[in-house]
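Asks: turn this into a model:
(4 chains)
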There are 2 protein chains.
Amino acid sequence: MNLAQSDDGIREQVQQLKRERVIEVAADLFHSRGFGNTSMDAVAEKLKVTKPFIYARFGAKSELLAEICSRGIRSSLLVLDRVLASPGAAGAKLRIFVHDFVLAVLRNQRNLTIYSREQKHLLPADAQAINSMRREFDRKFTALLIRGHADGDLTIEDPQITALAIGGIVSWCHIWYRPEGRFAPEETADRICELVLGRTHARAASTGAVRTAEPAHI
Amino acid sequence: MNLAQSDDGIREQVQQLKRERVIEVAADLFHSRGFGNTSMDAVAEKLKVTKPFIYARFGAKSELLAEICSRGIRSSLLVLDRVLASPGAAGAKLRIFVHDFVLAVLRNQRNLTIYSREQKHLLPADAQAINSMRREFDRKFTALLIRGHADGDLTIEDPQITALAIGGIVSWCHIWYRPEGRFAPEETADRICELVLGRTHARAASTGAVRTAEPAHI
DNA sequence: CCTACCGATCGGTAGG
DNA sequence: CCTACCGATCGGTAGG
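Replies: As a prediction, this is how the structure comes out:
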């Protein structure tokens, strides 16, 4: 019994591993060449298997795409849920969230790039499922900002447009971030955090990306 | 001679009009269905012409795409060049630029969405030409921030990452903006401007998207 | 899970 | 600038 269980476990793990490899290679090719320029034959060839090996695991090319895109979006939602479930004031939560959100985007850079490009190649049902994750993210994020403002913990003029702006700064990282560039992911997260929220410990009122000179100075 | 000239003028205008119509219809279809899901037959059908009508004007499907993408990126670069050529301090220029940059993105929403999705379907030469416009934009924008900081007109920690952050907020508009939504383009531009640069006239030190409560308040 | 193949789509063009 | 067509690619599967 123990042996049988162990066998099943290994068999499942092997299946899981094969599945992961397919997803990984597909994501790699979809990212570098584009979904439309990547044939299933090319994916199979790079995996050194034949097409039916892939079709035994994924019903269609678009299903593979859906899995890749879901992972990208889900990662951000998971980070948000984790932060919301943790204790602390809204301001502190926001800081932790922006930081971890950047890290999630950088870790999922490839998946998010593929999603942003290839949405139109998703089956309607898959597109809808992913879209509902995005809406859930927006709703929860905006709610966090509203709560922080209501608590007097954050000063925000318009929570909705602020959520879109912060989302924009962080999401845009998937466009410009290069692993071989100036900053490691952790440092990038810190700098973006500082840009969005300011260094509260250093100068309480000096926050925001850009500060125009105060009238008194002119 | 006058007549001949006038004839030529009209003929050219008609040719120009036909060309524009092809681009417009193609952009419409590429945007709503995706480039890969849009056949040249579909473009021709919607224009109520045959394919050779299109191929007389554009050598290939990807050439049509290149024109659409170029327009999207060029619009932002033109706005930046216009603001840089105008008189004024860096801080004032930045404010005008952010405002007009938002308007340019909203006017070119469709072209920019297509570009962000379909880059991989561009011919290498076209992709390179567009990429060099993007690099020119980044270089000039960063230089504006550096100049503003050197003049003491702006307070910026890291001009490069600040340029990417502002670029992210504004570019991201093409993802979420809906013409039928809460804000007209002009109002959207004002609000994003305020978010990025603060209301210098109202509260000199209160700028940035979010301000955490000052320690004294806790 | 492999070999071999089919059927459909579609960019582009020859010929007039 | 239209009619008619070709040639290639490729997602997916039948049969074993």
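Asks: quick one, longest helix in chain A?
Replies: helix A:2-33 (DSSP state H).
Asks: buried ones in it?
Replies: Across helix A:2-33, burial judged by 16 or more other Cβ atoms under 10 Å in any protein chain shown covers A:18, A:22-23, A:25-27, A:29-31. Bear in mind the C-beta positions are built from the backbone N, C-alpha and C, glycine included.
Asks: need the next SSE after that helix, C-terminal direction.
Replies: helix A:40-47 (DSSP states H and E).
Asks: give me the buried stretch members for that following helix, please.
Replies: Judged by neighbour count using 16+ other Cβ under 10 Å, the buried positions of helix A:40-47 are A:43-44, A:47.
Asks: could you do stretch A:55-73 as well?
Replies: In stretch A:55-73, counting by 16+ other Cβ under 10 Å, buried: A:58, A:61-62, A:64-73.
Asks: same question, stretch A:110-127
Replies: A:110-122, A:126-127.
Asks: domain-wise, how is chain A divided?
Replies: Segmentation of chain A into domains, based on automatic domain parsing, reads A:1-59, A:60-217.
Asks: quick one: average confidence on the shortest one?
Replies: Computed over domain A:1-59, the mean pLDDT rounds to 90.
Asks: so it, near DNA strand C or not?
Replies: Yes - using Cβ under 7 Å from any atom of the strand, domain A:1-59 reaches DNA strand C at A:18, A:49-53, A:56.
Asks: now the buried members of those residues.
Replies: A:18, A:49.
Asks: adding distance to residue A:198 and secondary structure, write the residues of domain A:1-59 next to DNA strand C out as a markdown table.
Replies: Below are those laid out as a markdown table (distance: Cβ to Cβ, whole Å; DSSP: H, G, I helix; E, B strand; the rest coil):
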| residue | distance to residue A:198 | secondary structure |
| --- | --- | --- |
| A:18 | 48 | helix |
| A:49 | 52 | coil |
| A:50 | 56 | coil |
| A:51 | 54 | helix |
| A:52 | 56 | helix |
| A:53 | 53 | helix |
| A:56 | 53 | coil |
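Asks: and chain B, which of the residues of domain A:1-59 next to DNA strand C contact it?
Replies: When Cβ under 8 Å from any Cβ of the partner chain is applied, no member of the residues of domain A:1-59 next to DNA strand C is adjacent to chain B.
Asks: out of the residues of domain A:1-59 next to DNA strand C, the closest to chain B would be?
Replies: residue A:51 (20.0 Å; Cβ to the nearest Cβ).
Asks: excluding its backbone neighbours, what's nearest the closest one?
Replies: residue A:44 (4.9 Å; Cβ to Cβ, 6 or more residues apart in numbering or on different chains).
Asks: name the nearest residue to residue A:57, sequence neighbours excluded.
Replies: residue A:19 (5.4 Å).
Asks: state the distance from the one you found to DNA strand D.
Replies: For residue A:19, the distance to DNA strand D equals 16 Å [Cβ to the nearest atom of the strand, to the nearest Å].
Asks: any idea how far residue A:46 is from that residue?
Replies: 16 Å (Cβ to Cβ, to the nearest Å).
Asks: is it true that residue A:115 touches residue A:72?
Replies: Yes - if you go by Cβ atoms under 8 Å, residue A:115 and residue A:72 touch, sitting 4.8 Å apart.
Asks: contact residues of chain A facing DNA strand D?
Replies: By Cβ under 7 Å from any atom of the strand, the part of chain A that sits against DNA strand D consists of A:37-41, A:51-52, A:55, A:59-62.
Asks: swap the cut-off to 6 Å and go again
Replies: A:39-41, A:51-52, A:55, A:60-61 (Cβ under 6 Å from any atom of the strand).
Asks: ok, and which of the buried residues of stretch A:110-127 reach chain B?
Replies: Applying Cβ under 8 Å from any Cβ to the buried residues of stretch A:110-127, those adjacent to chain B are A:116-121.
Asks: in CSV, list those along with pLDDT and secondary structure.
Replies: Output for those, formatted as CSV (pLDDT from 0 to 100; DSSP: H, G, I helix; E, B strand; the rest coil):
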residue, pLDDT, secondary structure
A:116, 98, helix
A:117, 98, helix
A:118, 98, helix
A:119, 97, helix
A:120, 98, helix
A:121, 98, helix
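Asks: ok, so of those residues, who is nearest residue A:79?
Replies: Ranked by distance to residue A:79 (Cβ to Cβ), these are led by residue A:116 at 18.1 Å.
Asks: what distance do you get for that closest one to residue A:109?
Replies: To residue A:109, residue A:116 is 11 Å away according to Cβ to Cβ.
Asks: residues that sit against both of those two, list them.
Replies: residue A:174 (Cβ atoms under 8 Å, 6 or more residues apart in numbering or on different chains).
Asks: so the residue nearest to residue A:57 is in contact with residue A:56, correct?
Replies: No - between residue A:19 and residue A:56 there is no contact under Cβ under 8 Å: 10.0 Å.
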